[in-house]
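*Asks:* sequence-free structure coming up:
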């Protein structure tokens, strides 16, 4: 009998769970009212759970083949957890039908699956051989978490004691830890609380990226429910608009800055607005914020394609949020166009400049874009991205010495930000691949 047979009862649970997850039935072009949208969302939740369950079963098989039996057993146990969470979430959605589009399926602990005003087109590509998925040389999460905990300063921020406070590094560290640890990880939860409190204490008027800090604070509040963060969240929400600090002098409008930075800053604003949206009791319906969101989405169709890879992915995520047609942005210049061209293998190698497994922010945004466009179980895009980008990035993690668990900065942006920022963003990218949805504690 093969060793994996020792896990037979868990495998049965996995297969039973897959059988109980119905396949999507919505057709492109169907009209969707609130109740139908709830049914569609519930179906998408179960469908996404089915993909994650299949991926976990395959991961367990690979781990067993590599002799990592304890990890294989843990992966199979996660299948039952994914199934239970999906059923509970689907029931909750049907009980309270959603009213509008949700964008940030892959962002933060209060993420929700999108309900487009029209179902996203699904083009069935011709069958192609699927390469096997590789395992990282070392499981990267534990080492990265330990490194980030060591990198927290006495004032709660993350980063070097020798440098100034960088709210962007602290924000990404808080977000990465939220996705990487469970509620019983006392030390890490304490670090998250200190990091979020440090962000809450900053003056949003002087921050270069108040929306990014607000996203992390809202995610922490949704998960941990600290009432002391309510007022800081309101202050950040009151400050967020479509202007950014100028190089010199007063703030300038988003439309006046570099295309890559414009797309990135617009994305942080949108993700912050989506993250705080479920927190109705903390931030009641705000007409000003609704206007900010509307004005931001109005800018999206006119965004040109940045040459910077991270900027190109940010622009494509904004197009997805605006529910624009799949027109293969970034592929036209290579002679293609339309959904078929966008779905061609290695689409991400032609989006903006060729992304590299050393371009930290592009790894994060490309992972989220792939998850939203195709799903991580896609045999063409998912496997290629996993093997060619995520696993290659994971394998660059430092495994010993004082910097164990970190990633060395390797692109211009990460070299400017430092190893703590690089580690936080890389960990967030790794976890964004398949982290399960977590209902917010604070409303």
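*Replies:* Everything's here; your move. Just so we're clear, the structure is a prediction, and the values are computed from it rather than from any experiment.

*Asks:* And residue 189, what's its pLDDT?
*Replies:* Per-residue pLDDT puts residue 189 at 96.

*Asks:* Repeat that for residue 30.
*Replies:* For residue 30, the model assigns a pLDDT of 43.

*Asks:* Please apply the same query to residue 229.
*Replies:* pLDDT, residue 229: 94.

*Asks:* and what of residue 152?
*Replies:* Looking at residue 152, its pLDDT reads 97.

*Asks:* For it, which residues are in contact?
*Replies:* Taking C-beta atoms under 8 Å, 6 or more residues apart in numbering, we find residue 152 in contact with 158, 173, 191, 194-195. No exception for glycine: its C-beta is placed from N, CA and C like everyone else's.

*Asks:* Can you give me the buried ones in stretch 76-94?
*Replies:* 76, 78-80, 82-83, 85-87, 89-90, 93 (16 or more other C-beta atoms under 10 Å).

*Asks:* Would you map the helices across the stretch 301-443 of the chain?
*Replies:* Remark: helices assigned in the stretch 301-443 of the chain by DSSP state H, counting those that start in this stretch are 309-321, 338-342, 360-373, 381-385, 391-394, 412-417, 419-432.

*Asks:* And those, which one averages the lowest pLDDT?
*Replies:* Least confidently modelled of the helices of the stretch 301-443 of the chain is helix 338-342, at a mean of 31 by mean pLDDT.

*Asks:* Please parse the chain into its domains.
*Replies:* Following automatic domain parsing, one gets these domains for the chain: 3-95, 140-432.

*Asks:* and these as JSON lines, adding distance to residue 440?
*Replies:* Listed next are the domains of the chain as JSON lines, based on distance: least, C-beta to C-beta, whole Å:
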{"stretch": "domain 3-95", "distance to residue 440": "12"}
{"stretch": "domain 140-432", "distance to residue 440": "4"}
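
*Asks:* Now do stretch 69-86, average pLDDT.
*Replies:* The average pLDDT within stretch 69-86 is 76.

*Asks:* where does the chain have low pLDDT?
*Replies:* 1-41, 93-131, 245-249, 280-286, 325-357, 437-439, 442-443 (pLDDT under 70).

*Asks:* the longest helix in it is where?
*Replies:* helix 34-65 (DSSP state H).

*Asks:* Buried residues of that one, list them for me.
*Replies:* 37-57, 59-60, 62-64.

*Asks:* what is the orientation angle of that helix with helix 360-373?
*Replies:* 120 degrees (axes from the mean of the first three to the mean of the last three C-alpha atoms, to 10 degrees).

*Asks:* now for helix 34-65, which elements pack on it?
*Replies:* Under the contact definition 3 or more C-beta pairs under 8 Å, 6 or more residues apart in numbering; DSSP states H and E, helix 34-65 sits against helix 8-20, helix 69-95.

*Asks:* tell me which element residue 187 is part of?
*Replies:* helix 186-201 (DSSP states H and E).

*Asks:* Enumerate the positions of that helix that are buried.
*Replies:* Buried-residue list, helix 186-201, by 16+ other C-beta under 10 Å: 188-189, 191-200.

*Asks:* Name the next helix or strand downstream of it, please.
*Replies:* The helix or strand immediately downstream of helix 186-201 is helix 210-224, counting by DSSP H and E.

*Asks:* what's the angle between that next one and helix 186-201?
*Replies:* 140 degrees.

*Asks:* Chain neighbours aside, what residue packs nearest to residue 54?
*Replies:* Closest residue to residue 54 apart from its sequence neighbours, by C-beta to C-beta, 6 or more residues apart in numbering: residue 377 at 6.0 Å.

*Asks:* For that neighbour, the count of nearby residues, please.
*Replies:* Neighbour count of residue 377, defined by other C-beta atoms under 10 Å: 18.

*Asks:* likewise residue 384?
*Replies:* By the criterion of other C-beta under 10 Å, residue 384 has 19 neighbours.

*Asks:* picking that back up, with the buried residues of stretch 76-94 in mind, which one is nearest to residue 137?
*Replies:* residue 78 (21.2 Å; C-beta to C-beta).

*Asks:* quick one: contacts for that closest one?
*Replies:* residue 56.

*Asks:* same thing with residue 205?
*Replies:* residue 239.

*Asks:* phi, psi of it?
*Replies:* Main-chain torsions, residue 205, degrees, to the nearest 10: phi -70, psi -30.

*Asks:* rewinding a little: between the helices of the stretch 301-443 of the chain, which one is nearest to residue 272?
*Replies:* The nearest among these, by C-beta to C-beta, is helix 309-321 at 12.6 Å.
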